[in-house]
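K.L.:
here is my input, please return the structure:
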Amino acid sequence: MYESIHQRDTRPQITEVERERALRNLPPSAKLVYKTLDANGALTSKEISDETLLAPRTVRHALKRLRQFGLVNTRASLRDCRTAYFYIGQDCQRV
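P.N.:
This is a model prediction of the structure:
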């Protein structure tokens, strides 16, 4: 009935070439969000907006695109289930 928030991501792993190709085709705002997550680790959309100075709507759209390409994952906050943290998935991290 309910899925565990600690459940492993079952999406297929992304190769380095696929990641680079996906990033190349994304708008600059999505690239900035990706680089911000890469540098800072897991952040909420509000924290990303504050860090990048992008509008919240732009951040939401960028995160949606990044998730569609499998570049970013999300997890619920243990303190407040209404808050989601976005992070670069294990298969997408820098080596």
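
K.L.:
can you tell me the closest non-neighbouring residue to residue 55?
P.N.:
Nearest in space to residue 55, with sequence neighbours left out and distances taken as Cβ to Cβ, 6 or more residues apart in numbering, is residue 49 at 7.1 Å. No exception for glycine: its C-beta is placed from N, CA and C like everyone else's.

K.L.:
for the most centrally placed residue in the chain, what are its contacts?
P.N.:
Most central in the chain under Cα atoms, centre = their mean is residue 72, positioned 2.9 Å from the mean C-alpha point. For residue 72, the contacting residues are 33, 34, 37, 63, 66, 86, 87, 88, 89, 92, taking Cβ atoms under 8 Å, 6 or more residues apart in numbering as the criterion.

K.L.:
measure stretch 42-57 end to end?
P.N.:
Looking at stretch 42-57, the gap from its leading to its trailing residue is 19 Å under the measure Cα to Cα, to the nearest Å.

K.L.:
ok, stretch 19-32 next?
P.N.:
Start-to-end span of stretch 19-32 (Cα to Cα) is 15 Å.

K.L.:
which parts of it are buried?
P.N.:
For stretch 19-32, burial by neighbour count (16 or more other Cβ atoms under 10 Å) applies to 19, 22, 23, 26, 29, 30, 32.

K.L.:
for stretch 81-89, buried residues please.
P.N.:
85, 86, 87, 88, 89.

K.L.:
now that stretch, how far from the centre of its chain.
P.N.:
Here stretch 81-89 is found 8 Å from its chain centre; the criterion is Cα atoms, centre = their mean, to the nearest Å.

K.L.:
SS state for the closest residue to residue 58 other than its chain neighbours?
P.N.:
Take residue 58 and drop its neighbours on the chain: the residue closest to it by Cβ to Cβ, 6+ apart is residue 29, 5.1 Å away. With DSSP: H, G, I helix; E, B strand; the rest coil as the basis, the three-state label of residue 29 is helix.

K.L.:
and residue 29, what's its pLDDT?
P.N.:
Residue 29 carries a pLDDT score of 97 in this model.

K.L.:
pretty sure it contacts residue 62?
P.N.:
Yes. Counting by Cβ atoms under 8 Å, residue 29 does reach residue 62; the two are 4.7 Å apart.
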